[in-house]
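[1] Give me the fold of what follows.
(2 chains)
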Amino acid sequence: MKMTLLPPKFRHFAIPLIALCLFAATASDSQAQSLNEDSLKANYLLRFVDFVRWEKPKTGHSKIGVLNEPSLYRELKSIAADKSTPTRSFEIVEIDANAPYLDQAKGLDMIYVGRGQKKRWSDIVTNSRQEATITVSSETGFMDSGGLIEFVTLQNRLRFALNLIEVDSYNLGVSSKLAQLAVR
Amino acid sequence: MGKRLQAWASSLVSISVRKKFLLATKLSSLATLSLFGVAYVFHEKATFIEQKTEHLSSLSSIVASNSEASLIFDDPITAADYLNSLSSETDITLAALYKPDGSLFTSYQRTPSLKIPPAPETYGSILTPSSVSRVTKILVRQEHVGTLLIETDSRSLHAELRKAITIAVIIVALGTLFSVWIANLLQRLITRPLLELEQFAKQVAQDGNYSRRASKRFDDEIGSLAQSVNTMMEGVQERDRAISEHNRTLEDQVSTRTRELRTAMHKAEAASKAKSEFLSTMSHELRTPLNAIVGMSSVLASEKIDHELQNYVKIIQSSSDNLLAIINEILDYSKIESGHLELETAPFSLPDCLEEAIDMVAALHWEKQVDFFVTLDPSLPYTILGDITRLRQVVVNLLGNAAKFTRTGYVWLEAKYASTDDDVPSSTLSIAVHDTGIGIPQDRLDRLFQAFSQVDSTTTRQYGGTGLGLAISQKLVKAMGGDIAVRSVEGKGTTFSFELSLANAPAETIAARLAPDPLPIDRSLSVQVPFTPLKESLEALGKRWGLKLVTPEERPDFSIGSRFNNFEEQKPVPAKLASLTIQHPLKRNADSQGIYSNCPFRLSEARNFIAQAIGSPPKVTKNKARHQQQQQADRLPSKCTRILLAEDNKVNQKVFKLIMKREGFAVDIANDGQEAVAAVLKKPYDIIFMDLQMPKMDGLEACRIIRANDEIDQPWIIGFTANVESDAEPAMRAAGMNDFLSKPVKDERVRQALYDYKAQNAFAL
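    Here you go, the predicted structure:
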C-alpha cells in the first residue's frame, strides 16, 4: 500500500532510507541507554573504592583505569572530577588496548575491563592479583575467569556480582555491606 | 468562707500537743516524701528518655551504617530488610530512609495505617508528648547519601512513668506510715512529761495543796518548765503562808474593832434612843405647860378686860406662839437630821394642798397691807402622788417667810409646768413663791438654807424665827427629789422655787376636774384684774371650760373685777349673768355689792361662781366647806352636841372646858383611854376630843376599840397630839380618827374643828 503511494522514481530509494532512519533511531536510543548505564557504572566504580580495604597503606588518592570503554572513561572522568575533594581524589586513566597492559597497569587501584578483551582477561587478572587491583567488567564470565566484580542487569536494574572466593587472592578486603548487596 | 477557715484554724490550735506533734510529723513527712516522690518520678522519666534516646541513637547508627551501601548502590530492598529488622523493637513504630533529595527511599511501619512523614530537616533526637524520634544523617566519606528516621511511641515512656509513680506513691505511703510510727514512739517523750505536768496542775487546783512538787524527767525544756513550776509553787506556798499570817492578824484586828464598834454602836444607839426620848419628852413636857399658857391666854383675851391688859395678853399669846413654832421647828429638824423622816406616797389634790397652805398663811397676815395670790396652771394634774403634809409644810414655810418679810405689795404662790428647753411637754411641776419683800443680799443667799442661819442678826431681832424653817424645807424638798432655788433682788423681792416630778400622776387636769359643766360653756367672760398672772390664770381656766374671752365693752355673761390693796381697783363690768369681785379682806366695806371673794382667790371659787350662774350644782370641797364656814362664822354645831374630852392633864382639861364653855358647850371628861371607852359605852357622844398620850390606855388604842364596836353610834373623834402633826396624823387616821388638833389647844382651832365636824356631818346627811 505504501509503496503504491510513492512516485515510481523514489521507490528504489525508499527502502534504504527507511532502514537508515530506523537504524539511526535505534542507534540514538541505544546511545542514550548506554550513557545512562555508563553514568551508573561510573558511580558504582567510584563507590566500590569506599567498600574495599587494601593491605597496603592507602591515601585518599585512587587510580582507576578503563580498558577499551571510552564512553565509560569519559563519564567516569567527569563524575570523578565532581566527586574529588581535598582529602579524596580520583585519577582516571584510559588503558590502551593496543599497548602492553602491564606497563599501563602499574599503580592502578581498579581496572574496568571493557568489551573485546576476553583474551587478555587471564593476564589482567593475574596482574591485578599481584598489584591488588580491583577488577571489574560487564562481560559475562569475567568472574569465572578470576575477575572480582561483574556488572549484571536484573529486572532492568544495574546490579553487581562479587567473587568472594577470589577476594583473598587479590589481597583485598571487601566490606560486608558491599557483599550484602552483591547478587552473587 | 473566711469564718469557716477561722473556725478551722481555731479548732486546729486547740488540739492536744500529742495530736499537734503527730500532725506536724505527718505533714512534714508527707511533704518531704512527696517532694522526693516527685523528684524520683522526674528523674526516672529523664533517665528513661535519656536511655531511650541513647538506644535510638545506637540503633540509628547501626541501621544508618548498614544502609549506606544500599543508598549508594540504590538497593531499597536490602535497605528495607535492614529497616524491617527493627520489628524486634516493640516500641519502634516506624523507620524511614530518605535520599539526599528528600524523597523516600524505603520505610518500615509497624502498622500499615501509620503515615510516613516527609524527610526531616533537623537531625538528632526529637521528643514529643506522644513519641521519641531520632533523625540521622548518613554520610559516606563526608558525603550525604541519605537520612534515617526512627520513631518510637510513648507507650514505654508512659508505662515507665506509671511504674515510677506507683513506686513513688508506695514509698510516700510507707515512708509516712513509718515516720508516724516513729513519731508516735517519740512523742511520748514530749507529751508524757507534759501530761504529768498537767495532771499535777489539776491536782493542785483541786486540792489547793501547794506543797506538791512536779517531777522532772529530763533536762530539756519541759524539765526546765517543771522546775519553774516547782519554784512558783514554793513562791505561792510562801505567799499563802504570809497571807494566812496576815489574815490571822487582820481577823484579830477585825475582832477587836468589831467589839469596839459594837460597843460604840450600843453607845450611839443608846444616845440616839436617849435623844429620841428626850425629844419626845421635851415635846410633851414643853407643850403641856405651853398648852395651859396658850389656852388660858386665849380664854383671857376673850374676856372683857381693859385695853392695857388686852395688850399684855396679846404679848403672852404672841410669845407663846413663837415659842411653839420654835419648839416645832427644833423637833422637826432633829427628826430630819436623825434620818427618821419618812415620806408618804399617796394621791392628793394639788389645788387643795396649795390653796390650804396659802389660806393658812394669809389668815395669819390678813391685817397686813399685803395681797395674797395663788395661780395654778389649769392643765396641771388635779391629783398628784406624794406626801401632802410635807409639801404643805414646805409651801407654808416659804409663804410664811414671804409674808413675814413683805410689808407691802403681794405674796404670790404659783404652780405650773416646769419650762423645758424644747417643745416637749414637761412632766415636772414647778412651785414658786414670789414676794415683793425686803429681798436678800446676794452675798447672803448661800447661808439661807443653813440651820439656825438668817440673813443677819438684825433680821432675827426684827422678824423673829429660828432660822430653821428654810433648812427644814430644803431637806424636805430634797427628800422629795427637788431642790429649792432662790432669786432675790434686795429691796424688790424674792422668789423661792422648786420642782417635783409628776410621774405616775393621773391624767385628769385641774380644769377638767373643776369644770362647772362637762360640756363647753357657750358663754363669755371678761376679767378685770390688775395682777396679770392671776388674770391670765383665770382666763386660761375660762378658756378651758369653753368660755369666750371678751372685752368689757362687749357686755360679757360673766365679769370678774378686783379690789386689791396694792393695785388699782377695777370694778367688774356689768355682766349679763353674774359678776364677781376678788378683794383683800380689809377692803370689804359697805359698798361691796354682788358676789365677792377674798384673796387668795381659789379655783374652786371661780368654778362655783360660774356653776351657780348656769345652774350646775356646786362642787363642795374641803376648802369650799371651810370657806362657807368662814363666811358663816357663827354657825356652830348645836349646843346639844354631846362632847367628851379624854385628857389626863388637869390644866388642859380646864383650858378645854373653859373654851367649850365660852362656845356654849358642856363637856364630859375622861382621864384616860379606858375611861373614854367606858364613857362611850355608857352614853352616846357626838364628838370626842382624844389626847394621844394618856396613862393606862392611849388615845389611839381607845379609838380603835370604839371603832371596832358596831353596837354604838360612832362618834366624830378628833385627836389631840403634842407630837409633830405629820408623824401623828397617819397613825391617827389609821386608828379611825376623823380629825386632829395639835397642842397647844387654841380656841380658834377648836372652833375650826367644830365647824369641820358640822360641815362633814351636814354633807353626810
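
[2] name the element whichever residue of chain B sits closest to chain A belongs to?
    For chain B, the residue closest to chain A is B:Ala69, as judged by CB to the nearest CB, at 3.8 Å. C-betas here are computed from N, CA, C, even on glycine. B:Ala69 is part of helix B:17-72, with elements assigned from DSSP states H and E.

[3] Point out the other helices and strands that that helix packs with.
    Using 3 or more CB pairs under 8 Å, 6 or more residues apart in numbering or on different chains; DSSP states H and E as the contact test, the elements touching helix B:17-72 are helix A:176-181, helix B:76-84, strand B:92-98, strand B:104-109, strand B:124-128, strand B:131-140, strand B:143-153, helix B:155-207.

[4] Where do the strands of chain A begin and end?
    A:52-54, A:61-67, A:89-95, A:110-113, A:134-137, A:149-154, A:157-162, A:172-174 (DSSP state E).

[5] So for chain B, which of those strands sits nearest?
    Closest approach to chain B among the strands of chain A is made by strand A:157-162 (7.6 Å; CB to the nearest CB).

[6] Run through the residues of chain A sitting next to chain B.
    A:44, A:47, A:50-51, A:83, A:85, A:87-88, A:157, A:159-160, A:175, A:177-178, A:180-181 (CB under 8 Å from any CB of the partner chain).

[7] switch the cut-off to 10 Å
    Chain A has residues A:40, A:43-44, A:46-51, A:60, A:83, A:85, A:87-88, A:157-160, A:175-183 near chain B, with proximity defined as CB under 10 Å from any CB of the partner chain.

[8] before we move on, back to that, pLDDT on the helix holding B:Ala69, on average?
    Across helix B:17-72, pLDDT averages out at 87.

[9] pLDDT-wise, which helix or strand of chain B ranks last?
    Ranking every helix and strand in chain B by mean pLDDT, DSSP states H and E puts helix B:622-631 at the bottom, with a mean of 46.

[10] And the following helix or strand past it, what does it pack against?
    Following helix B:622-631 in sequence order, the next helix or strand is strand B:643-646 (DSSP H and E). Using 3 or more CB pairs under 10 Å, 6 or more residues apart in numbering or on different chains; DSSP states H and E, the elements in contact with strand B:643-646 are helix B:650-663, strand B:667-670, helix B:673-682, strand B:687-691, helix B:699-708, strand B:716-721.

[11] and those as JSON lines, adding distance to chain A, mean pLDDT and mean neighbour count?
    Shown next, in JSON lines, are the helices and strands packed on strand B:643-646 (distance: least, CB to the nearest CB, whole Å; pLDDT from 0 to 100; neighbours: other CB atoms under 10 Å in any protein chain shown):
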{"stretch": "helix B:650-663", "distance to chain A": "167", "mean pLDDT": "82", "mean neighbour count": "18"}
{"stretch": "strand B:667-670", "distance to chain A": "167", "mean pLDDT": "88", "mean neighbour count": "18"}
{"stretch": "helix B:673-682", "distance to chain A": "160", "mean pLDDT": "88", "mean neighbour count": "19"}
{"stretch": "strand B:687-691", "distance to chain A": "160", "mean pLDDT": "89", "mean neighbour count": "27"}
{"stretch": "helix B:699-708", "distance to chain A": "153", "mean pLDDT": "89", "mean neighbour count": "20"}
{"stretch": "strand B:716-721", "distance to chain A": "155", "mean pLDDT": "85", "mean neighbour count": "25"}
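
[12] what's the closest of the ones you listed to B:Ala511?
    Minimum separation from B:Ala511 across the helices and strands packed on strand B:643-646 (CB to CB) falls at strand B:716-721, 34.0 Å.

[13] Out of the strands of chain A, which one sits most buried?
    Of the strands of chain A, the one with the most neighbours on average (mean count of other CB atoms under 10 Å in any protein chain shown) is strand A:110-113, at a mean of 26.

[14] Just name whatever secondary elements it is in contact with.
    Using 3+ CB pairs under 10 Å, 6+ apart, the elements in contact with strand A:110-113 are helix A:8-48, strand A:61-67, helix A:70-83, strand A:89-95, helix A:101-105, helix A:121-131, strand A:134-137, strand A:149-154.

[15] then the second one to CSV, C-alphas only?
    In CSV, the C-alpha atoms belonging to strand A:61-67 read as follows (Å, rounded to 0.1, in the frame of the first residue of the first chain):
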residue,chain,number,x,y,z
HIS,A,61,44.1,9.1,46.1
SER,A,62,42.6,6.4,44.0
LYS,A,63,43.7,5.5,40.5
ILE,A,64,41.2,3.8,38.1
GLY,A,65,41.9,2.6,34.7
VAL,A,66,39.4,1.9,31.9
LEU,A,67,40.3,-0.6,29.2
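
[16] which neighbours does that strand have in its sheet, and in what orientation?
    Neighbouring strands of strand A:61-67 in its sheet, by DSSP bridges, are strand A:89-95 (parallel), strand A:110-113 (parallel).

[17] go on, the shortest one?
    Within its sheet, strand A:134-137 is paired with strand A:110-113 (parallel), strand A:149-154 (parallel), according to DSSP bridges.

[18] May I see the ones you listed organised as JSON lines, with mean pLDDT added?
    Listed next are the strands paired with strand A:134-137 as JSON lines, based on pLDDT from 0 to 100:
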{"stretch": "strand A:110-113", "mean pLDDT": "94"}
{"stretch": "strand A:149-154", "mean pLDDT": "91"}
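
[19] Would you mind putting the ones you listed into JSON lines with distance to B:Asp219 alongside?
    Below are those laid out as JSON lines (distance: least, CB to CB, whole Å):
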{"stretch": "strand A:110-113", "distance to B:Asp219": "95"}
{"stretch": "strand A:149-154", "distance to B:Asp219": "95"}
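
[20] now B:Met737, what's its secondary structure?
    coil (DSSP: H, G, I helix; E, B strand; the rest coil).

[21] What about it, how many residues nearby?
    Residues within reach of B:Met737, counting by other CB atoms under 10 Å in any protein chain shown, total 26.

[22] Now B:Thr239: which helix or strand?
    For the record, residue B:239 is Arg, not Thr. helix B:221-301.

[23] pLDDT weak spots in chain A?
    A:1-35 (pLDDT under 70).

[24] Pop the domain breakdown of it in here.
    Domains of chain A are assigned by automatic domain parsing as A:10-35, A:37-181.

[25] Take those and lay them out in CSV including distance to B:Gly146.
    Listed next are the domains of chain A as CSV, based on distance: least, CB to CB, whole Å:
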stretch, distance to B:Gly146
domain A:10-35, 25
domain A:37-181, 13
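
[26] Need the winner for burial among the ones you listed.
    Among these, ranked by average contacts under mean count of other CB under 10 Å, first place goes to domain A:37-181 (a mean of 17).

[27] Okay, now it: how far is its last residue from its first?
    For domain A:37-181, the first-to-last residue distance is 18 Å (CA to CA, to the nearest Å).

[28] now swap in stretch B:518-533 and tell me
    First residue to last in stretch B:518-533 (CA to CA) measures 26 Å.

[29] can you give me the offset of that stretch from its chain's centre?
    Per CA atoms, centre = their mean, to the nearest Å, the displacement of stretch B:518-533 from the mean C-alpha position of its chain is 43 Å.

[30] List the buried residues for that stretch?
    Using 16 or more other CB atoms under 10 Å in any protein chain shown as the test for burial, stretch B:518-533 gives B:521, B:523-529, B:531, B:533.
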